[in-house]
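In: Build me a structure from this.
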Amino acid sequence: MESDGPGPADPSSLPLQPDLPTLKPCTATESPTRVAVNGCNPSRQCQPAGGHSPTCGPRKSPELPTTKLCGYLDKQGGPLKSWKSRWFCYDEKQCQLLYYTTAQDVTPLGKIELANAVFGYPAHAEEAAFHIQTPERTVVLKAFNRDAMIYWLQQLQLRRWHHGHASAQAGGDANVGGGQEYWNGDDDFLPIVKTPPGLVGQKAACFPAPRQQSNLSIISFKHPLTQIQNSVHCILQKRHSQEMNKSIFYSPSDFTSPVQENQDLSGQDEHPAESPSHSSPSSSPAPSPPSRKKSISDALPEDKEAHSQEVDSDKEEHPKKPPEDGQCTAVSAPSGKQEQPDMPYPLKCDGPEMGSQLLDMRDELAVLQLRLAQRDAHVAELQEHLQLMVEKNQAKQEVVLKLSEQVAECMVDPQRTITNSFGAQGFLQLQAEMEHLRDDKEAYKMQNKFLNSEIHQLTKLWRNSSEQQKILMKRCAYLEGKSCQTESRYLSLLHKLQENKEFGAAEMEAVNRLIKEAERDMKDTPKFPPVRKYDEYGFKLTPDLDTEDMNLMIKIHSPDICSLNPLQQEVMDKHRLSRWAQFLGGRPAGELGASLELKILLRGGIPSRYRADVWRWIVWTRTRQIRERHPQRYKELCRKSQTLQHPASRQIQLDLPRTLTSNQHFSSASSSSVQQLHRILLAFSWHNPSIGYCQGLNRLAAIALLVLKDEENAFWCLVAMVENIMPQDYYSKTLIASQADQRVLKDIMMEKLPRLMAHLEEHSVDLTCITFNWFLVVFVESLTSKILLRIWDAVLYESIKVIFRYALAIFRYKEEEILRIRNSAEIYQYLQFFTKTISDGRKLNNIAFVEMNPFPMKLLRNRRAHHLERLKAELKELERIQNEFLTESMEHKDRDLDPAVGEGEDEDDL
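Out: This is a model prediction of the structure:
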């Protein structure tokens, strides 16, 4: 009979094998209608024989299980992060995890690349939830229970490693590594989890899809075309199955013709005691045909007598005739919401006997319903009794714990009186916390085992790659030696032929030509540069971070632990170099003029090849007037420094060893760069007596010296930075202009970054401790050299406004990471080094000059003037207080020195 409910999917479309060592043989039958389950290619099908569940023939289990990895999982997605049930299937060839809406869909909604994926699950996540993190995204999935989650993780891990090993063998790399396997069963850290019954594989495809939380959950708004395609395919398949009078989950054992049905029912007369449970467990009763509107079970018990009289009258009017072939009366199964078992009584084709059989069946149905009601009542009573026993047991446990605590208190203090008060609510709360901690401990253990297995496999790969590298290095050295020997023998042979006088002029010319070509080839042998630790300016390429700093970055999941891709950086440098070469057009940098195009190029950074020339032009433009009036100014200041000692020379001498300690050119006190820096700082202290020397000028002069490579140009660059670019009184004794800019920065951050400022104020974090040094030395020793010099390129041309832009951009760049820290001490620790972890200069530049707009210079000047006035007023008030204090202290001092007052005070003391 047909089944209108969701029956089992066609096994021919499910090439799935149970994870059993030995399997029973199965009976294979052909199905006229095949329903392909996504991800599974149609093959042979297994139908139950004799009413038993389908099993497959014995198969030797290889290293990789032959079971098709597929099943229903909940996928988190959408703006609300809701769970949607999806059918997932693993693709062996592509190492991908495809997902569909249901198991009967044809086109997948999407795929997850597993070749470079990382599997894991947080300890505090929802139960049975795990993550698949790919380079492009992170997919959050949830299994039915924890065992199913561990099974999915183990299977994905195993198949991912197997696919990688197969790819390595196909590429020919396995022969180099010694032929070691990527996966070994002896190295598993996790316990072996059997295939969860009914959750993955063929049984999961046979079951209906899990019920969604809402009707909208089955709709994929991200893939509407795929959803429509799958819906059309499903409708066409259902229509085809209805035309064939079969369900979409049709199998030959589920359908019988009316004649076969009557034959089966008549055959039951010989075995009336057989239970209807021998039928296929997946089959379900079908709805009655339209001609059978009234079921046998719909007859009322009160109509028994009337029905018997009607049957007797029918006997008199229509004498009994033998039924013709194929004209037997078919009776439909009882209809209703509950599924009824098959009728155990044989049905005859003649009407009178059928009526009596129907009455007997109705009586038996009433008896069975009465028994069912009695059993339901008994089950309800047992459930109530069980609930009472559970509550009683819980109360006993509470009493036992109470007595145990009282006994412990008496043992500690024998004189203590026992009280009857017992905090049940507090105890239950403690017990719940203990259970929660116990669950966390188990989750951490399982997570640790899973991570240990990943680390173990990565260690194997690292060892294999190390061995491969050693083998390749040995081979390269061997081939290089052989090549040198061959070249030397070749040259010696040519020289011998050259000395042979029997050759003619043509042969001698050919030998001489070959000798020249060999010598030229030996000179043109490429020499690979060694691995560099420093750039062209002497800065370290990778910043040095402490272990505590690295741990903090890992704790907040910082994405800047790994630096920018070197290949991508090289492409960007080439593009910038070509733009500058096109802009200069072969003319020297000294002939440049101010323009919007030059401003845009300077914001993107100057290539190292042109940076020194462009800086010289900018410095010359800013200091042109004073240099034209005093062309020998620097030399005169140097001679003055040699003859006279400046008051700041002692402080300069102390600050020299603390200047750019990580730079290669300033690492030694005896280096030439340190001596040049000393002369520049002394010359500036004589040049600008109002400032003299201020801590921070040494770093500014050091950067200018590294880029310009010349003392005099570096001196004028320092003059331009202090006297032309930075505001007045920026490096004075009071640093009043620097303090004003810190307040201006705070005002702008309140407008541009309100969330970050609220977070910092909540934890009482003062940014002035960090940003004051940024403005004073223009980010020297705070950022990497590439980003630092790019900022200097723009600052020299546009002045201090660029410093404000980049200060805001740095905090915007790291805003999310700072918001993750909930401890003020850790926030201060992170702010001490977080600028060194910024590696994407292009992103930072885009934030500074695009996202921070608008940024008018007029607003900046107005706010600086406002805060300068307030600071000057505060300084005057402070000076007044100091003067009052000095006056009062002098008066007290004079009073103490008065002898009369002193004697009177002594008498009072006596």
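In: For the longest strand belonging to the chain, buried residues please.
Out: For the chain, the strand with the greatest residue count under DSSP state E is strand 82-91. In terms of neighbour count (16 or more other C-beta atoms under 10 Å), strand 82-91 has its buried residues at Trp83, Lys84, Ser85, Arg86, Trp87, Phe88, Cys89, Tyr90, Asp91. (C-beta placed from N, C-alpha, C; glycine too.)
In: Repeat that for stretch 630-646.
Out: Buried, per 16+ other C-beta under 10 Å, within stretch 630-646: Arg633, Tyr634, Leu637, Cys638, Ser641, His646.
In: I'd like the next helix or strand past the longest strand of the chain.
Out: As assigned by DSSP states H and E, the chain's next helix or strand after strand 82-91 is strand 96-100.
In: average pLDDT across that next one?
Out: Strand 96-100 shows a mean pLDDT of 91 in the predicted model.
In: What of stretch 382-390?
Out: In this model, stretch 382-390 has an average pLDDT of 90.
In: And for stretch 393-407?
Out: pLDDT averaged over stretch 393-407 gives 86.
In: And for stretch 615-625?
Out: Averaging pLDDT along stretch 615-625 gives 93.
In: what comes up buried for that stretch?
Out: Buried residues in stretch 615-625, counted by 16+ other C-beta under 10 Å: Trp615, Arg616, Trp617, Ile618, Val619, Thr621, Arg622, Thr623.
In: Lys843: which of the buried residues of stretch 630-646 is nearest?
Out: Taking C-beta to C-beta as the measure, Lys843 lies nearest Tyr634 of those, at 39.9 Å.
In: quick one: contacts for that closest one?
Out: Going by C-beta atoms under 8 Å, 6 or more residues apart in numbering, Tyr634 touches Ala683, Glu711, Glu712, Phe715, Trp716.
In: Ok, Leu682 next?
Out: If you count contacts by C-beta under 8 Å, 6+ apart, Leu682 has them with Leu637, Cys638, Ser641, His646, Ser649, Ile652.
In: tell me which element the third one is part of?
Out: Spelled out, that is Ser641. Here Ser641, judged by DSSP H and E, is contained in helix 633-643.
In: in the next helix or strand after that helix, what counts as buried?
Out: Toward the C-terminal end, the helix or strand that comes next after helix 633-643 (DSSP H and E) is helix 649-655. Of the residues in helix 649-655, Ser649, Gln651, Ile652, Asp655 count as buried by neighbour count, 16+ other C-beta under 10 Å.
In: for the record, mean pLDDT for the helix holding Ser641?
Out: What helix 633-643 shows for mean pLDDT is 92.
In: and Leu541, how many neighbours does it have?
Out: Burial measure for Leu541: 14 neighbouring residues, criterion other C-beta atoms under 10 Å.
In: switch to numbering from 39
Out: In the new count, where the first residue is 39, that last one comes out as Leu579.
In: And it, how close does it get to Ser877?
Out: According to C-beta to C-beta, to the nearest Å, Leu579 and Ser877 sit 11 Å apart.
In: part of a helix, is Phe168?
Out: No. Counting by DSSP: H, G, I helix; E, B strand; the rest coil, one finds Phe168 to be strand, located in no helix.
In: Name the nearest residue to it, ignoring sequence neighbours.
Out: In space, and not counting its chain neighbours, Phe168 is closest to Tyr159: 3.8 Å by C-beta to C-beta, 6 or more residues apart in numbering.
In: residue contacts, that neighbour?
Out: By C-beta under 8 Å, 6+ apart, the neighbours of Tyr159 are Ala167, Phe168, His169, Met187, Leu191, Gln485, Phe488.
In: And it, how far from Ser269?
Out: Distance of Tyr159 to Ser269, computed by C-beta to C-beta: 33 Å.
In: Next: Cys676.
Out: Noted for Cys676: a distance of 86 Å to Ser269, by C-beta to C-beta.
In: before we move on, what about Gln507?
Out: Look at Gln507 and Ser269: by C-beta to C-beta, they are 54 Å apart.
In: With Ala242 instead?
Out: Computed as C-beta to C-beta, the Ala242 to Ser269 distance reads 22 Å.
In: and what of Glu750?
Out: Distance, Glu750 to Ser269, using C-beta to C-beta: 79 Å.
In: Looking at those two, which has the bigger crowd around it?
Out: Glu750 (16 against 12).
In: Excluding residues flanking it in the chain, which one is nearest that one?
Out: Nearest in space to Glu750, with sequence neighbours left out and distances taken as C-beta to C-beta, 6+ apart, is Tyr672 at 4.6 Å.
In: tell me the SS of Asp112?
Out: Assigned with three-state DSSP, Asp112 falls in the strand class.
In: Give me the neighbour count for it.
Out: 22.
In: residues touching it, list them.
Out: Trp121, Lys122, Ser123, Arg124, Leu179, Lys180, Ala181, Pro248.
In: Try it again at 7 Å.
Out: Asp112 makes contact with Trp121, Lys122, Ser123, Leu179, Lys180 under the criterion C-beta atoms under 7 Å, 6 or more residues apart in numbering.
In: Pairing-wise in the sheet, spell out the partners of it.
Out: When assigned by DSSP bridges, Asp112 has beta-bridge partners Ser123, Lys180.
In: Okay, helices next: where are they in the stretch 589-738 of the chain?
Out: With DSSP state H, counting those that start in this stretch as the criterion, the stretch 589-738 of the chain has helices at 604-622, 634-642, 646-660, 662-667, 671-681, 687-693, 710-725, 735-746.
In: of the contacts of Tyr159, closest to Lys512?
Out: Closest approach to Lys512 among the contacts of Tyr159 (C-beta to C-beta): Phe488, at 37.1 Å.
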